[in-house]
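Visitor: The amino acid sequence is not available; the structure is as follows:
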């Protein structure tokens, strides 16, 4: 089992270490991590816990994650199952098999950040996302084995 998991994570370059800050990390912080002995690659990322609305006004609490670069050297790569990857800030992919809302979410649907959220202008470039694809995502598997959950990914 351990060997299978190791192969699974290595296949998408799953991170070995995660550094988190409630206040965010500066570029100097990222450079300091990058300079540590044994560090091969560093991938800055961000996430936000938000209330999202469907076109049918169904609401769900979810965690939005930034996407890794599309190149082969990116950490925590996702596997595209259907559709395409986001190409602009107003697009997102959702996890395959996720049951976040009471209604099915399909490619082409729009998810909107609820006005009931705190001010997210420092975190999000847009307040609505068009679903352009579905993904299998190893990082979410990693989170589900711990204490965190999430289903939506945004670009």
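Guide: Nice, I can see it. Being a predicted model, the structure only gives us computed values, none of them experimental. Residues are numbered from 1 along each chain as shown.
Visitor: what is residue 133 paired to in the beta sheet?
Guide: Beta bridges link residue 133 to residue 83, residue 93, judged by DSSP bridges.
Visitor: Quick check: it touching residue 81?
Guide: Yes: judged on Cβ atoms under 8 Å, residue 133 makes contact with residue 81 at a distance of 7.5 Å. Using the backbone N, CA and C atoms, a C-beta is placed for each residue, glycine as well.
Visitor: Look at those two and report which has more neighbours.
Guide: residue 133 (19 against 14; other Cβ atoms under 10 Å).
Visitor: which residues touch that one?
Guide: Neighbouring residues of residue 133 by Cβ atoms under 8 Å, 6 or more residues apart in numbering: 80, 81, 82, 83, 84, 85, 86, 93, 94, 107.
Visitor: Closest one of the residues you listed to residue 122?
Guide: Taking Cβ to Cβ as the measure, residue 122 lies nearest residue 86 of these, at 20.4 Å.
Visitor: what's the pLDDT at the closest one?
Guide: Residue 86 carries a pLDDT value of 90.
Visitor: for residue 106, same thing?
Guide: pLDDT at residue 106 comes out at 87.
Visitor: tell me the secondary structure for the spatially closest residue to it that is not a sequence neighbour?
Guide: Nearest non-adjacent residue to residue 106, counting by Cβ to Cβ, 6 or more residues apart in numbering: residue 131, 6.9 Å away. Each residue gets one of three states, and residue 131 gets strand by DSSP: H, G, I helix; E, B strand; the rest coil.
Visitor: what's the answer for residue 28, then?
Guide: Secondary structure, three-state DSSP: residue 28 is helix.
Visitor: tally of neighbours for it?
Guide: Neighbour count of residue 28, defined by other Cβ under 10 Å: 7.
Visitor: wait, what's in contact with it?
Guide: No contacts exist for residue 28 under Cβ under 8 Å, 6+ apart.
Visitor: Now residue 23: which helix or strand?
Guide: Using DSSP states H and E, residue 23 is not contained in any helix or strand.
Visitor: Check the burial of it by counting its neighbours.
Guide: Look at residue 23: counted by other Cβ under 10 Å, it has 5 neighbours.
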